[in-house]
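Trainee: Mind folding the following:
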Amino acid sequence: MEFLLSASALGSAWMALSRPFIDYTIWGWDNLPRTVLMYYANFISSPEGYFHTVICNSPQFLNTTVNSDLHFISWDNPPKQHPHHLNLADMQRMIDSNAPFARKFPQEDPVLDKIDSELLSRGPGMFTPGGWCIGSSENGTDPCSAIGNTTVLRPGPGAKRLETLISFLRSNENFQPRQCK
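Mentor: Alright, predicted model coming up:
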């Protein structure tokens, strides 16, 4: 069974959609995606509701949603219109959340440098190293200065954190009660 990641039926612009669902929205064999698209055509932020509405009204995809947008966001208390800017004090909570994305960051904040160096193993002005980087990182050199097989994928600690988050979201106590209602 395919699973779709979305924030909720209430809406979010961030989501991961499966190939079968995208095929359905394009081909719309029962006309639902086109009908909903016409309805959302006049909304200011239609992605925040369009896909959720189609998912929650299509019998084929109704029970395939996982309600998470995979972001770590810290809201003011009481919540305001925008989340508060993340900083170094939020770093451990970001990591502990297992979310692969986070927002909102002030421009040029030191937390961004810490994420680059500690989580992404990325030096200043360098790419985030992947399995295709076969160079050395000794003495601060760029390991991606030498490129190997670009199809190599070597999951790092972030992949394990993401696996933990997805397992938690798909667990019986979280998955079933939080689907479309």
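Trainee: rest of the way, CA atoms for contacts and neighbours
Mentor: Noted.
Trainee: So which residues of the protein form strands?
Mentor: With strands called from DSSP state E, the chain shows them at 4-6, 15-16, 65-67, 71-73, 101-103.
Trainee: in this protein, which residue is closest to the centre?
Mentor: Leu70 (4.0 Å; CA atoms, centre = their mean).
Trainee: Thought Met94 was touching that one, still the case?
Mentor: No. Counting by CA atoms under 8 Å, Leu70 stays clear of Met94, with 11.2 Å between them.
Trainee: Show me the shaky parts of this protein.
Mentor: For the chain, the stretches with pLDDT under 70 are 1-13, 176-178, 181.
Trainee: hey, C-alpha coordinates of stretch 80-97 in PDB?
Mentor: What follows is stretch 80-97, C-alpha atoms only, in PDB (Å, rounded to 0.1, in the frame of the first residue of the first chain):
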ATOM      1  CA  LYS A  80       0.900  33.800  16.100                       C
ATOM      2  CA  GLN A  81       0.600  34.000  12.300                       C
ATOM      3  CA  HIS A  82       4.200  32.900  11.700                       C
ATOM      4  CA  PRO A  83       6.500  30.500  13.700                       C
ATOM      5  CA  HIS A  84       9.400  31.900  15.700                       C
ATOM      6  CA  HIS A  85      12.800  31.900  14.200                       C
ATOM      7  CA  LEU A  86      14.900  28.900  15.100                       C
ATOM      8  CA  ASN A  87      18.300  29.400  16.700                       C
ATOM      9  CA  LEU A  88      21.100  27.400  18.400                       C
ATOM     10  CA  ALA A  89      18.900  26.900  21.500                       C
ATOM     11  CA  ASP A  90      16.500  24.900  19.200                       C
ATOM     12  CA  MET A  91      19.100  22.600  17.700                       C
ATOM     13  CA  GLN A  92      18.700  19.600  20.000                       C
ATOM     14  CA  ARG A  93      14.900  19.700  19.800                       C
ATOM     15  CA  MET A  94      15.200  19.800  15.900                       C
ATOM     16  CA  ILE A  95      17.400  16.700  15.900                       C
ATOM     17  CA  ASP A  96      15.300  14.900  18.500                       C
ATOM     18  CA  SER A  97      12.100  15.500  16.400                       C
END
